[in-house]
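A.B. asks: sequence unavailable; structure follows:
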């Protein structure tokens with residue numbers, strides 16, 4: 001299963017800064033197996049609306065066009081890592 005993770009963030013968002021370190025850690029760990037994309041909602045408002053993103057930070061885990069999981073707010077790397085590994089089995 002090919003996974004893609006999109007992180008929706010915003011400038012001046014303190015929680016987005018915390019999630020950026022988690023996102024960066026995971027993107028390095030899974031760089032050969034998962035596609036990562038980060039989007040600033042102020043520059044990509046239509047994409048955020050299309051995905052129904054109502055708060056930031058939000059991480060979407062997708063397989064193709066299908067949303068598998070949505071993580072909103074500050075989430076631990078271990079929780080996201082566990083989900084990724086389960087879906088990759």
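C.D. replies: Looks like it came in fine. Please read all numbers here as calculations on a predicted model, not as lab measurements.
A.B. asks: from now on I want contacts and neighbour counts done on CA atoms only, so please keep to that.
C.D. replies: Fine.
A.B. asks: SS state for the residue nearest the centre of the chain?
C.D. replies: Residue closest to the mean C-alpha point of the chain, counted by C-alpha atoms, centre = their mean, is residue 59 at 2.7 Å. Of the three states, residue 59 takes strand under DSSP: H, G, I helix; E, B strand; the rest coil.
A.B. asks: quick check: it touching residue 71?
C.D. replies: Yes - contact criterion C-alpha atoms under 8 Å: residue 59 and residue 71 qualify, at 5.0 Å.
A.B. asks: tell me the buried residues in the lengthiest helix in the chain?
C.D. replies: Of all segments of type helix in the chain, defined using DSSP state H, the longest is helix 14-29. Judged by neighbour count using 16 or more other C-alpha atoms under 10 Å, the buried positions of helix 14-29 are 16-17, 19-20, 22-23, 26-27.
A.B. asks: what's it in contact with?
C.D. replies: Helix 14-29 has contacts (C-alpha atoms under 8 Å, 6 or more residues apart in numbering) with 7, 9-10, 34-36, 56-57, 73-77, 81.
A.B. asks: the closest residue to the residue nearest to the centre of the chain other than its chain neighbours: helix or strand, and which one exactly?
C.D. replies: Among residues not flanking residue 59 along the chain, residue 7 sits closest, at 4.4 Å (C-alpha to C-alpha, 6 or more residues apart in numbering). In this structure, residue 7 is located in strand 3-9 according to DSSP states H and E.
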